[in-house]
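# let's see this in three dimensions:
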Amino acid sequence: MSITAEMHKQPKSSVKLEIAIGNEEVRAAFDKAYREVAAKAHIKGFRPGKAPVGIIRMKFGHAISHEVVEKLVQEAYGKAIEQHSLQPVGKGTVTSEIPELGEGDSLSLTMEVDVYPEFTLPEYKGLTVSKNSYEVKDSDVEAELARLAERFTRFEDKGEGTLEAEDLAVVDYEVLLDGASVEKLARTRFSYDLKTGASFPDFQDGLRGKTTGDNFEIPGKVPEGFPDKDLAGKDVIFKGSIGKMQKRVPPVLDDEFAAKISDKKTMAEFRTMLLENMQERARHHESEDVQNKLLESLVGKTSVELPQALVEMQLEGMFEDFARTLAQTRMSLDEYLEKTGKTVEKMREDFLPAAEKAAVSYLVIREVAKAEGVKAEDKDIDEALDSYARYYGHDRDALRKHFIESGEIDSLVWRIVRRKTMEVLEKAASITIEKTLPFSDIKE
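Numbers count the residues shown, from 1 in each chain. From the prediction side, this is the model:
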């Protein structure tokens, strides 16, 4: 074996690998590369695969040299990881300069790689934690039925009268700020629901009492919490006209309605199902609260040197989540930075404590899973894929193929391992009930 690797530990759970690749390996890599190129190359005067090595070397030598270096580094890195039983976090980085490589050369290089740290896992069995219990009453079921009735309410045109608190107005309008129209807030044939609330409460209130064909100029104020900071809290005028009015027609909550929106034949059966679902939701919420407290306790007791690559992975995930949240307000990350005057560096600084805590949480769960032999079995993956397939209306096998090809299968496996590991922690804990709260206290 003419590939050797010396390992030196470094701070932040990183190691340096000093790798030496002998000429025997280098020459063999060049020979293999020449044969592969010769088999495919179309060179005038020679049949495919019959061109002499000297011709291949002259024509493709420089490109082959780079390819050989890349493959040798890859192979040597893999052998070094195996030799020293390392568990890399992310990819290794070549930190030394690599010269032009020839067939008669050997190759020496230095690589650095972050690895999963060794640390002492705190005692995780028998932890004591308290929780709140949530009670589901008949009134909670009625409230849920009212939400369902609202969801399945239809609208029909209202030919007479004026707009009332539960009506819907189809309007064309613009928003004037200091006499100038704010183009991005203008709407055409916009269905404005006077019951369910709106971004502009003053406008919502001002529409009441008006009727089809009315023109309006309604003074108001943009709410202080409006996403666009340039408009938040500003006095504006809503100017436009009412195209038509519509009124609510709620469904009748009877057996027919129950059968239409579920697999239950009667409203009584449907109410029972709602009660059971809400009780299950309460249990899930209680369990989630307990698990979060248990993990918080373990993280607080854990001392570990964090690999920078793992922290960076957490930071990247936080930036992606933040960008998705911004997208819901139709704002990009670049726009947010411009409006707030922040920089990516400042956001990284702000996110860093949470990212480090998330990294410790990940390591703790990973170690508990190893200690308890928790794995994502095939049936666990199939159940998860079945759930996704039902939700999105896809074929499970096609979904599995997509997860594998996109690399998302690893993320799915981790979510399963995390869930099962947290269940192990919960079962091993001593749990007391602090107080019983109404189901309505559970926030969405």
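
# which residues touch the residue lying closest to G102 once chain neighbours are set aside?
Nearest residue to G102, sequence neighbours excluded (C-beta to C-beta, 6 or more residues apart in numbering): S65, at 7.3 Å. Where C-beta positions appear, they are placed from N, C-alpha and C, glycine not excepted. S65 makes contacts with E100, L101, G102, as judged by C-beta atoms under 8 Å, 6 or more residues apart in numbering.

# which of those residues count as buried?
Buried by 16 or more other C-beta atoms under 10 Å: L101, out of the contacts of S65.

# between the contacts of S65, which sits nearest F257?
L101 (75.3 Å; C-beta to C-beta).

# which SS state does that closest one fall under?
Classification of L101 using DSSP: H, G, I helix; E, B strand; the rest coil returns coil.

# quick check, it in contact with V73.
No: L101 sits out of contact with V73 when judged by C-beta atoms under 8 Å, with a separation of 10.3 Å.

# what about the most centrally placed residue in the chain, which helix or strand?
The centre of the chain sits closest to D321, judged by C-alpha atoms, centre = their mean, with a distance of 5.9 Å. Per DSSP states H and E: D321 is located in helix 308-327.

# if we can go back for a sec, the residue nearest to the centre of the chain and Q314, how far apart?
As judged by C-beta to C-beta, to the nearest Å, D321 and Q314 stand 11 Å apart.

# residues contacting E100?
Taking C-beta under 8 Å, 6+ apart, we find E100 in contact with S65.

# got it, and A358?
Contacts for A358 were tallied using C-beta under 8 Å, 6+ apart; they are Q314, G317, M318.

# which pLDDT value goes with the first one?
pLDDT, Q314: 95.

# pretty sure it contacts L363?
No: contact criterion C-beta under 8 Å: Q314 and L363 do not qualify, at 10.9 Å.

# how far does the host helix or strand of L298 sit from its chain's centre?
Per DSSP H and E, L298 falls inside helix 267-301. In this view, helix 267-301 has its centroid 22 Å away from the chain centroid, taken as C-alpha atoms, centre = their mean, to the nearest Å.

# quick check: mean pLDDT of it?
Taken as a whole, helix 267-301 has a mean pLDDT of 96.

# before we move on, the earlier item: other SSEs contacting the helix holding D321?
strand 107-114, helix 333-340, helix 344-372 (3 or more C-beta pairs under 8 Å, 6 or more residues apart in numbering; DSSP states H and E).

# of those, which is nearest F200?
Closest to F200 of the helices and strands packed on helix 308-327 is helix 333-340 (C-beta to C-beta; 20.1 Å).

# below-threshold pLDDT in the stretch 51-200 of the chain: ranges please.
Within the stretch 51-200 of the chain, the stretches with pLDDT under 70 are 51-63, 197-198.

# show me the strands in it, by range?
93-94, 107-114, 128-135, 154-157, 168-177, 180-181, 187-193 (DSSP state E, counting those that start in this stretch).

# reformat those as JSON lines; add distance to E338 and mean neighbour count.
Below are the strands of the stretch 51-200 of the chain laid out as JSON lines (distance: least, C-beta to C-beta, whole Å; neighbours: other C-beta atoms under 10 Å):
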{"stretch": "strand 93-94", "distance to E338": "33", "mean neighbour count": "14"}
{"stretch": "strand 107-114", "distance to E338": "33", "mean neighbour count": "20"}
{"stretch": "strand 128-135", "distance to E338": "42", "mean neighbour count": "15"}
{"stretch": "strand 154-157", "distance to E338": "40", "mean neighbour count": "11"}
{"stretch": "strand 168-177", "distance to E338": "19", "mean neighbour count": "20"}
{"stretch": "strand 180-181", "distance to E338": "21", "mean neighbour count": "11"}
{"stretch": "strand 187-193", "distance to E338": "25", "mean neighbour count": "13"}
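
# tell me which of the ones you listed lies nearest to A258.
It is, among those and with distance given as C-beta to C-beta, strand 154-157, at 17.6 Å.

# helices and strands around that closest one, which ones?
Secondary-structure packing of strand 154-157 (3+ C-beta pairs under 8 Å, 6+ apart): strand 235-249.

# what pairs with the strand it packs on, parallel or antiparallel?
When sheet partners are counted by DSSP bridges, strand 235-249 sits next to strand 154-157 (antiparallel), strand 168-177 (antiparallel), strand 215-221 (antiparallel).

# burial check on Y34, number of neighbours?
Residues lying near Y34 (other C-beta atoms under 10 Å) number 22.
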